[in-house]
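Peer 1: Kindly return the folded structure for what I paste below:
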Amino acid sequence: KRVAGLNEGSSEYHAPSSALKSGGVVRRLAEIKQAKALERSDPAVAEECVQFLRLCVLKWPNEISSTALHNIADRKRTGVLFVPLTKDVVKLNEFLVGPANTVALTVHNDAGAFIDMTQVVLAKVILFNRKRQGEVSKMKVEDYRKKRFAQSSELDLALTEFERSLLRVFERVEIRGKRGRTVPLLLTEEMTSWIDKLLAARPSFVPAQNPFLFACKGEYSHLRGSDALRRFAVDCGAKRPELLTSTK
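Peer 2: Below you'll find the model as predicted:
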C-alpha cells in the first residue's frame, strides 16, 4: 500500500498498477522461498509459505486488488487521452538520423559512441514499427541474424503493387512478444546498416555471452527502449516530449 501510494482517507492509490503488480511479485517470492525450503528438507518454512499463499488468495483481492481496479476504471472513464503531435513525431524521426550517422564514425573505438548509437537504433526501430519498447529492447542477436526479406507469396494476391514493392525493400525479424507470441519487426536498409556496425564493434564493449542485440556492458543486460525514447524526445526539441512514448 505504501509503495503504491494509498491515500487512506479517499481509498485511492497514486499508482494503482503498482498495487496490482506487487501481488504477483509477492506470490512469486513466496513460491521461491517454498521451493528453497523443500530443496533443503525444511517442512516448517515450506508450510509457512503455503499458509502465506493461502492468505494472499483469501485477503489480497478484497484489500488490495478491488480498490486498485476501481481506481484504474475511474481514471479511464474520466481521463483525457492525449496522443503525440504529428510534428513532434516527424521531428523525433528526423532527429535520430543525425546522431546515428555521427557516432557511427567512432563507434568502433569509443564506448560512449557505441552506447549512444545503440540507443539511437533502438529508438528508431521502436518508432518505425510502433511496437512495445520491452519487446524491441529484448531482441536477441540470434533473432536479428535470422532476418529475411518480408516478401511472402501467400500475401501477394491481397496486396497492391506498392505494398508488394515495400515487402521487397524491408527485412523482417521475428522476436518474442507478450505471452510468448511471435512479433514481426520490419527493418529498413538504413537500420540494417546501423545494426551491422554495432555488431562489428560489439566484441570491444559487450561480453560475448550477452545475447541481447541492444546490449549493455553486463553479461545479461540490455538498454531500455523507454529510456532511449525519453532522452531523444527531449533532445529533439519536441513540443510535448512526454507524449512520445512507445505506448502512445
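
Peer 1: okay, CA-based contacts and neighbour counts for the rest of this
Peer 2: OK.

Peer 1: ok, V120 - how many residues close by?
Peer 2: Burial of V120, expressed as a neighbour count using other CA atoms under 10 Å, amounts to 25.

Peer 1: For the remainder of this discussion, apply numbering that starts at 872.
Peer 2: Sounds good: first residue 872 from here, last item V991.

Peer 1: immediately after the helix or strand containing it, which helix or strand?
Peer 2: When elements are assigned from DSSP states H and E, V991 belongs to helix 982-1000. Past helix 982-1000, further along toward the C-terminus, the next helix or strand under DSSP H and E is helix 1004-1008.

Peer 1: Let me know the average pLDDT across that next one.
Peer 2: Averaged across helix 1004-1008, pLDDT comes to 86.

Peer 1: Downstream of that helix, the next helix or strand is which one?
Peer 2: Next along the chain after helix 1004-1008, with elements defined by DSSP H and E, is helix 1012-1016.

Peer 1: Do a quick rundown of the helices in the chain.
Peer 2: Ranges of helices within the chain are 887-910, 914-931, 937-949, 957-974, 982-1000, 1004-1008, 1012-1016, 1024-1027, 1032-1040, 1060-1072, 1096-1106, based on DSSP state H.

Peer 1: quick one: L952 and V896, what's the gap?
Peer 2: 29 Å (CA to CA, to the nearest Å).

Peer 1: err, S889, not the other one
Peer 2: As for S889, its distance to V896 is 10 Å (criterion: CA to CA).

Peer 1: With neighbour numbers in mind, choose between these two.
Peer 2: Of the pair S889 and V896, S889 is the one with more neighbours under other CA under 10 Å, namely 15 against 11.

Peer 1: Now do the contacts for the more buried one.
Peer 2: When contacts are counted by CA atoms under 8 Å, 6 or more residues apart in numbering, S889 is found next to V874, A875.

Peer 1: Quick one, grab the pLDDT at it.
Peer 2: Here the pLDDT value assigned to S889 is 92.

Peer 1: Using PDB, write down the CA coordinates of stretch 1089-1106.
Peer 2: The C-alpha atoms that make up stretch 1089-1106 are tabulated as PDB, following Å, rounded to 0.1, in the frame of the first residue of the first chain:
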ATOM      1  CA  GLY A1089      26.700  -6.600 -18.300                       C
ATOM      2  CA  GLU A1090      26.600 -10.300 -19.100                       C
ATOM      3  CA  TYR A1091      22.800 -10.400 -19.300                       C
ATOM      4  CA  SER A1092      21.500  -6.800 -19.600                       C
ATOM      5  CA  HIS A1093      20.100  -4.600 -22.300                       C
ATOM      6  CA  LEU A1094      19.200  -1.000 -22.800                       C
ATOM      7  CA  ARG A1095      15.600   0.100 -22.100                       C
ATOM      8  CA  GLY A1096      13.700   1.500 -25.000                       C
ATOM      9  CA  SER A1097      11.600   3.800 -22.800                       C
ATOM     10  CA  ASP A1098      14.800   5.500 -21.500                       C
ATOM     11  CA  ALA A1099      16.100   5.900 -25.100                       C
ATOM     12  CA  LEU A1100      12.800   7.400 -26.300                       C
ATOM     13  CA  ARG A1101      12.500   9.700 -23.300                       C
ATOM     14  CA  ARG A1102      16.000  11.000 -23.900                       C
ATOM     15  CA  PHE A1103      15.600  11.700 -27.600                       C
ATOM     16  CA  ALA A1104      12.100  13.100 -27.200                       C
ATOM     17  CA  VAL A1105      13.600  15.900 -25.100                       C
ATOM     18  CA  ASP A1106      16.800  16.300 -27.100                       C
END
